[in-house]
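**Student:** Provided below are the primary sequence and the corresponding predicted coordinates.
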Amino acid sequence: MAMAAARPRLLLLLLAAAAAALLLAPAHAFYLPGSYPHKYAPGEPLSVKVNSLTSIDTEIPYSYYSLPFCAPPEGVKDSAENLGELLMGDRIESSPYRFRMHANESDVLLCRSAPLSPPDFALLKRRIDEMYQVNLILDNLPAIRYTRKDDYFLRWTGYPVGIRVGVDYYVFNHLQFTVLVHRYEDPNVARVMGAAADASDGAAVPANAGRDASAAPGWMVVGFEVVPCSIKHNPEDARALKMYGKFPSKIKCDPSTVSMSIKENEPIVYTYEVSFVESDIKWPSRWDAYLKMEGAKVHWFSILNSLMVIAFLAGIVFVILLRTVRRDLTRYEELDSEAQAQMNEELSGWKLVVSDVFRAPSNPMLLCMMVGDGVQILGMAVVTILFAALGFMSPASRGTLITGMLFFYLVLGILAGYASVRVWKTIRCGDHSGWVGVSWRTACFFPGIAFLILTTLNFLLWGSQSTGAIPFSLFVVLILLWFCISVPLTLVGGFLGAKAPHIEYPVRTNQIPREIPAQKYPSWLLVLGAGTLPFGTLFIELFFIMSSIWMGRVYYVFGFLFIVMLLLVIVCAEVSLVLTYMHLCVEDWKWWWKSFFSSGSVAIYIFLYSINYLVFDLKSLSGPVSATLYLGYSLFMVIAIMLATGTVGFISSFCFVHYLFSSVKAD
């Protein structure tokens with residue numbers, strides 16, 4: 001936060017760091033600021049945690065303990081969760097799995113479940129049919145699973161609950177864990193391990209770790225792999241054993257075969273084994289396995305190619321526009337008054353609407369509200385993506401991205417109020433009366449729409465008993481944040497906007513509006529079609545973002561996303577500017593709303609792309625609840641994009657029109 005408000009020298013350092021982050025984004029050693037290595041002594045306990053059960057088939061998360069799994073003997077404990085984790089549906093809890101650093105164990109009994117009741121049996125079968133995955137976490141690393149396909153390996157996070165073969169259902173009741181460890185090398189960092197206790201996943205830090213850690217051997221966790229197996233255990237063998245006891249028979253894990261079929265009124269025996277393997281992977285590189293996407297070369301090449309093509313097209317449009325406008329201005333200024341009058345009689349164009357171009361638009365308050373909210377959303381996106389590109393919102397810090405977005409949105413309410421009231425005062429030629437109403441409506445417009453959509457979707461999640469449902473207490477917190485932070489800051493921004501001088505029009509407006517000539521084609525048709533060019537700048541990146549959200553992949557190329565966003569802003573500005581100029585050339589002086597929607601219409605194509613992604617890429621998405629959730633979240637995203645891109649188009653068009661007519665002789 002201090003960096004955003006730093007002096008120019010610090011701002012230059014920030015930009016330099018951003019450039020370095022963008023250049024180093026493809027590097028293999030992906031360092032994650034805000035996370036620290038934790039040194040484990042031999043024999044020190046390691047705690048495995050569980051997250052929500054997830055599935056790309058339904059997109060509805062459920063609690064791990066909603067299924068008949070083993071629970072820890074001391075009871076289930078919730079981990080510290082931030083606001084972003086709650087909003088994302090993450091529910092990280094303690095698990096019964098217990099490891100000791102560098103201590104290999106095999107044939108460990110976890111528990112013998114109670115006989116499956118008919119409801120539990122039906123629920124377990126349904127979760128297997130819906131392809132739900134179990135997500136485990138060790139030292140902040142998700143469990144990763146490798147499957148072989150032809151000549152290469154596929155990476156998956158988590159493992160499936162079970163599998164269906166014919167009419168029988170098999171559960172994975174034995175887990176083969178492999179923990180990759182790297183010898184602790186830097187004795188200086190050990191002295192600050194006490195400040196990094198939060199990175200230990202609940203494991204206690206030895207009291208003498210600060211002074212004697214450099215002399216004691218230690219290990220860091222750099223990988224966490226799991227192989228699920230389905231093994232038929234004899235429940236009677238586990239009846240007399242305690243948790244973590246040695247199973248009497250040797251367990252051989254073969255992931256290619258399944259044998260533990262589930263049956264009603266029969267228990268399930270859960271076991272596991274763990275082995276520690278020394279690895280050459282260093283701690284800063286331990287996330288490489290998660291951040292490597294399949295087809296990464298195509299990803300980078302496609303984005304770079306798209307950026308180059310769109311930048312080239314946008315440059316051509318900009319050059320043509322400048323040459324056209326400059327030629328018109330030069331010809332118009334070189335003529336005397338009599339020649340100008342004759343020219344106006346012979347030619348039609350933007351010069352004839354000089355007395356109407358700044359006539360107030362219809363529904364000016366709504367326009368001001370949308371512009372203010374657009375400035376707020378755009379500012380939030382820029383700051384969030386910049387901080388993510390610098391690594392401050394890394395995948396290792398779950399929920400940080402969502403928390404940061406919410407925080408920046410609340411704080412930037414002051415920009416929303418300022419922009420909306422400033423536009424309101426300009427439209428009313430310096431009269432700022434009613435600025436309180438404008439500020440209040442701006443503070444409630446987009447958050448109100450978001451609240452309506454999210455509440456409707458939350459009722460569906462509540463009905464499904466999903467962990468993705470926002471708790472009622474969190475709803476109260478969000479409302480308090482809205483009315484205690486965002487609304488007051490928006491009113492403060494509105495007050496500053498009311499005190500700021502309005503933008504004076506360079507020409508006077510006639511009392512009687514000029515009649516707009518009949519057009520050969522509907523102007524709104526051109527406005528809606530203008531969104532194709534901005535859409536072309538982001539549709540490739542949009543695919544990876546959608547895959548990250550709905551396919552469970554880790555998105556980390558925020559450097560490229562920042563570049564794409566900047567390019568999108570430039571293209572939206574130029575598209576809106578060109579469309580405004582075209583409308584003025586046909587004597588259509590109603591450019592206010594059209595400039596907003598000419599760039600904001602990119603949201604229509606994004607929504608159509610979302611439907612296309614649902615039909616062709618999320619073929620397994622089942623059930624009306626899942627489809628409704630997908631469309632609801634897509635609609636929320638599309639409205640935010642429409643406000644942000646529309647605001648860019650409106651501001652650029654206003655600046656262009658103001659500059660254009662300030663260069664014309666008013667007389």
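**Tutor:** Nice, thanks for sending it over. Numbering: from 1, shown residues only.

**Student:** quick one, helices of the stretch 401-550 of the chain?
**Tutor:** Listed in chain order, the helices of the stretch 401-550 of the chain (DSSP state H, counting those that start in this stretch) span 413-427, 435-463, 472-481, 487-499, 523-529, 532-550.

**Student:** now the ones you listed as TSV including mean neighbour count?
**Tutor:** In this view, the C-beta of every residue, glycine as well, is placed from N, C-alpha and C. TSV is the format used below for these (neighbours: other CB atoms under 10 Å):
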stretch	mean neighbour count
helix 413-427	27
helix 435-463	18
helix 472-481	13
helix 487-499	21
helix 523-529	16
helix 532-550	19
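
**Student:** now mean pLDDT too, for those, in a markdown table please.
**Tutor:** Shown next, in a markdown table, are those (pLDDT from 0 to 100):
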| stretch | mean pLDDT |
| --- | --- |
| helix 413-427 | 96 |
| helix 435-463 | 94 |
| helix 472-481 | 90 |
| helix 487-499 | 96 |
| helix 523-529 | 85 |
| helix 532-550 | 84 |
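
**Student:** quick one: closest of the ones you listed to P61.
**Tutor:** If you check each of the helices of the stretch 401-550 of the chain against P61 by CB to CB, helix 435-463 wins as the nearest, at 8.9 Å.

**Student:** give me the distance from that closest one to the chain's centre.
**Tutor:** 19 Å (CA atoms, centre = their mean, to the nearest Å).

**Student:** and stretch 155-163, by the same measure?
**Tutor:** When C-alpha coordinates are averaged (CA atoms, centre = their mean), stretch 155-163 and its chain have centres 24 Å apart.

**Student:** just stretch 464-484 next, same as before
**Tutor:** The offset between the C-alpha centroid of stretch 464-484 and the centroid of the whole chain comes to 19 Å, using CA atoms, centre = their mean.

**Student:** quick one: end-to-end distance for it.
**Tutor:** Here the two ends of stretch 464-484 are set 32 Å apart, with distance taken as CA to CA, to the nearest Å.

**Student:** can you report how many residues lie near the nearest residue to S464 once chain neighbours are set aside?
**Tutor:** Leaving out its chain neighbours, the residue that sits closest to S464 by CB to CB, 6 or more residues apart in numbering is I60, at 5.5 Å. Close neighbours of I60, defined as other CB atoms under 10 Å, add up to 24.

**Student:** indicate which one of the helices of the stretch 401-550 of the chain is closest to G43.
**Tutor:** Of all the helices of the stretch 401-550 of the chain, helix 532-550 sits nearest to G43, with 38.5 Å by CB to CB.

**Student:** helices or strands up against the closest one?
**Tutor:** In this structure, helix 532-550 packs against helix 296-334, helix 558-585, helix 602-616, with contacts taken as 3 or more CB pairs under 8 Å, 6 or more residues apart in numbering; DSSP states H and E.

**Student:** I'd like the mean pLDDT over the first one, please.
**Tutor:** Meaning helix 296-334. Along helix 296-334, the predicted local confidence has a mean pLDDT of 66.

**Student:** also the second one?
**Tutor:** Along helix 558-585, the predicted local confidence has a mean pLDDT of 86.

**Student:** next, the buried residues of that helix.
**Tutor:** 558-565, 567-585 (16 or more other CB atoms under 10 Å).

**Student:** repeat for the last one
**Tutor:** The neighbour-count criterion (16+ other CB under 10 Å) identifies 602-607, 609-610, 613-614 as the buried residues of helix 602-616.

**Student:** looking at those, which is nearest E264?
**Tutor:** Comparing those against E264 with CB to CB picks out L614 as the nearest, at 35.9 Å.

**Student:** the domain parsing of the chain - what is it?
**Tutor:** Described in terms of the TED database, the domain architecture of the chain consists of the residue ranges 44-186+217-290, 360-504, 527-666.

**Student:** and the first one, end to end?
**Tutor:** Using CA to CA, the end-to-end distance of domain 44-186+217-290 comes to 26 Å.

**Student:** thought C229 was touching V171?
**Tutor:** No. Using CB atoms under 8 Å as the test, C229 is too far from V171 to be in contact (10.5 Å).

**Student:** did I read that right, A103 in a helix?
**Tutor:** No. Inclusion of A103 in a helix is not indicated when DSSP: H, G, I helix; E, B strand; the rest coil is applied; the result is coil.

**Student:** pretty sure it contacts G43?
**Tutor:** Yes. With contacts defined as CB under 8 Å, A103 counts as touching G43 at a distance of 6.2 Å.

**Student:** more crowded one of these two?
**Tutor:** Here A103 and G43 are set side by side on neighbour count (other CB under 10 Å), and the busier one is A103, at 14 against 9.

**Student:** so who does that one touch?
**Tutor:** By CB atoms under 8 Å, 6 or more residues apart in numbering, the contact list for A103 reads 42-43, 276.

**Student:** same deal with E85?
**Tutor:** If a contact means CB under 8 Å, 6+ apart, then E85 has 92, 398-399, 402 as its contacts.

**Student:** just the residues you listed: which has the poorest pLDDT?
**Tutor:** When the contacts of E85 are compared by pLDDT, R398 scores lowest at 76.

**Student:** before we move on, the earlier item: dump the residue contacts of the residue nearest to S464.
**Tutor:** So, once contact is read as CB under 8 Å, 6+ apart, I60 ends up touching 461, 464, 466, 468, 625-626, 629.

**Student:** mind checking which of the contacts of A103 are in helices?
**Tutor:** Among the contacts of A103, DSSP state H puts none in helices.

**Student:** let me know the closest of these to L83.
**Tutor:** Comparing the contacts of A103 against L83 with CB to CB picks out F276 as the nearest, at 35.4 Å.

**Student:** so how far is F543 from the closest one?
**Tutor:** Taking CB to CB, to the nearest Å as the measure, F276 and F543 are separated by 39 Å.

**Student:** ok, M308 next?
**Tutor:** Shown here: M308 relative to F543, a distance of 18 Å by CB to CB.

**Student:** A530 too?
**Tutor:** A530 is 22 Å from F543, by CB to CB.

**Student:** what do you get for P534?
**Tutor:** P534 sits 16 Å away from F543, going by CB to CB.

**Student:** which SSE is D373 in?
**Tutor:** helix 364-389 (DSSP states H and E).

**Student:** buried ones in that helix, by neighbour count?
**Tutor:** Across helix 364-389, burial judged by 16+ other CB under 10 Å covers 364-365, 367-389.

**Student:** would you map the strands across the stretch 51-200 of the chain?
**Tutor:** If you assign secondary structure with DSSP state E, counting those that start in this stretch, the strands in the stretch 51-200 of the chain sit at 93-100, 105-112, 133-134, 136-138, 141-142, 144-149, 152-157, 159-160, 162-165, 168-171, 174-183.

**Student:** determine how far the fourth one lies from the middle of the whole chain.
**Tutor:** Centroid separation between strand 136-138 and its chain, computed with CA atoms, centre = their mean, is 22 Å.

**Student:** partners of that strand in the sheet?
**Tutor:** strand 45-50 (antiparallel), strand 141-142 (antiparallel) (DSSP bridges).

**Student:** so which bits of it are buried?
**Tutor:** Taking 16+ other CB under 10 Å as the basis for neighbour counts, the residues of strand 136-138 that come out buried are 136-138.

**Student:** out of the residues you listed, who's nearest F475?
**Tutor:** When the buried residues of strand 136-138 are compared for distance to F475, the smallest value, 26.9 Å, is given by I137; criterion: CB to CB.

**Student:** beta partners for the closest one?
**Tutor:** Here I137 sits in beta bridges with K49, P142, as judged by DSSP bridges.

**Student:** so who does it touch?
**Tutor:** Taking CB under 8 Å, 6+ apart as the criterion, I137 is in contact with 48-51, 92, 143, 201, 224.
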